[in-house]
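*Asks:* sharing a model that was predicted from the sequence below.
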Amino acid sequence: MKTIEKRKIKDIVADNYIYASVLYYFGIEFYNYSNLTLEQACQNNGLNVISVVSSLEKKEIAEAHVDVSQLPIDLIVEYLKHTHFVFIKQKLPYVGSLIAHLKASKSAYQSIAKDLKFVFPLFVEDFIHHIYQEEDTLFNYIAKLDAYTKGKGHLSHLYLEMEQNNLANFASEHEEHDDEMMGIRQITNNYSLNESSPLHIKVVYSELKDLEDELKTHARIENEILFPKALMLEKNVRMLMREKVRYN
């Protein structure tokens, strides 16, 4: 059996689609180096093949699972901001590159490729707008509530903030974004594949499905953990305000 560095890129990726993302971050797009061995691709890019092989072997070492529900609300917000950063700087550019370079030779996938190239950038634009809006409004509001319970912030300023913001409305608006990938699922027929599907299509569908799973987890954390804690925090702040007004 050939060692991995002697195998062709297309065969390595066919074994496990996630290898494509590892190679991508080394500057080796599998669709551009498919017929080269890993060793040849590394030589062409001035890479240490041992380092690349080591990264491939560690591909399934996931980040430690954090029990987000046990974190204080300020750390939950920081955790969500970090996932936003990963989406914007890593995941979305990678999937976008996969789709932009998608060349479907089979007629069955040509219209799908065309639709994905049109729809995915629109999805990314809308998703990034949603993220920045969420951080500027919801996360900022929660931070001010949390600061007030710790003796920081101005009573009158926060009172005006609370008059202008409503966590129940935030929660309702957030649910409208919980199935952002419905259109992409429809285009790909729920990421349906068969044995004859081209490798590039298999990698794209795998990454899209993985992205959707990550977005669902992200939404669940916000809906089931962040919002309940934030609503309780808002309630506590109202109580503190009433107490302060009473003694003044």
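*Replies:* Structure received. Residues are numbered from 1 along each chain as shown.

*Asks:* so for the strand or helix carrying residue 217, mean pLDDT?
*Replies:* Using DSSP states H and E, residue 217 falls within helix 199-221. The average pLDDT within helix 199-221 is 94.

*Asks:* list the buried ones in that helix?
*Replies:* 199-212, 215, 218-219, 221 (16 or more other C-beta atoms under 10 Å). Quick note: C-beta positions are derived from backbone N, CA and C, even for glycine.

*Asks:* list the contacts for residue 155?
*Replies:* By C-beta atoms under 8 Å, 6 or more residues apart in numbering, residue 155 lies in contact with 148, 241, 244.

*Asks:* quick one, strands of this structure?
*Replies:* Applying DSSP state E to the chain gives no strands.

*Asks:* just want the most central residue of it.
*Replies:* residue 87 (3.5 Å; C-alpha atoms, centre = their mean).

*Asks:* how does the protein divide into domains?
*Replies:* Domain ranges of the chain: 4-57, 68-247, per automatic domain parsing.

*Asks:* which of these is buried the deepest?
*Replies:* Between the domains of the chain, domain 4-57 has the highest mean count of neighbours, a mean of 17, where neighbours are mean count of other C-beta atoms under 10 Å.

*Asks:* so for that one, mean pLDDT?
*Replies:* Domain 4-57 comes out at a mean pLDDT of 94.

*Asks:* endpoints of that domain, how far apart?
*Replies:* Domain 4-57 has an end-to-end distance of 10 Å (C-alpha to C-alpha, to the nearest Å).

*Asks:* how distant is it from the center of its chain?
*Replies:* Centroid separation for domain 4-57 versus its chain: 24 Å, with C-alpha atoms, centre = their mean, to the nearest Å.

*Asks:* what's the distance between the residue lying closest to residue 218 once chain neighbours are set aside and residue 93?
*Replies:* Nearest residue to residue 218 in three dimensions, chain neighbours excluded: residue 83, at 5.6 Å (C-beta to C-beta, 6 or more residues apart in numbering). Here residue 83 is placed at a distance of 15 Å from residue 93 (C-beta to C-beta, to the nearest Å).

*Asks:* for residue 21, what are its contacts?
*Replies:* 94, 207.

*Asks:* and it, how close does it get to residue 116?
*Replies:* When residue 21 is compared with residue 116 (using C-beta to C-beta), they lie 17 Å apart.

*Asks:* ok, now residue 144?
*Replies:* From residue 144 over to residue 116 (counting by C-beta to C-beta), the distance is 40 Å.

*Asks:* now the angle between helix 199-221 and the longest helix seen in the chain, please.
*Replies:* Using DSSP state H, we find that the single longest helix of the chain is helix 107-134. With axes from the mean of the first three to the mean of the last three C-alpha atoms, to 10 degrees applied, the angle from helix 107-134 to helix 199-221 works out at 30 degrees.

*Asks:* for helix 107-134, packing partners?
*Replies:* Counting contacts by 3 or more C-beta pairs under 8 Å, 6 or more residues apart in numbering; DSSP states H and E, helix 107-134 packs against helix 92-100, helix 182-187, helix 199-221.
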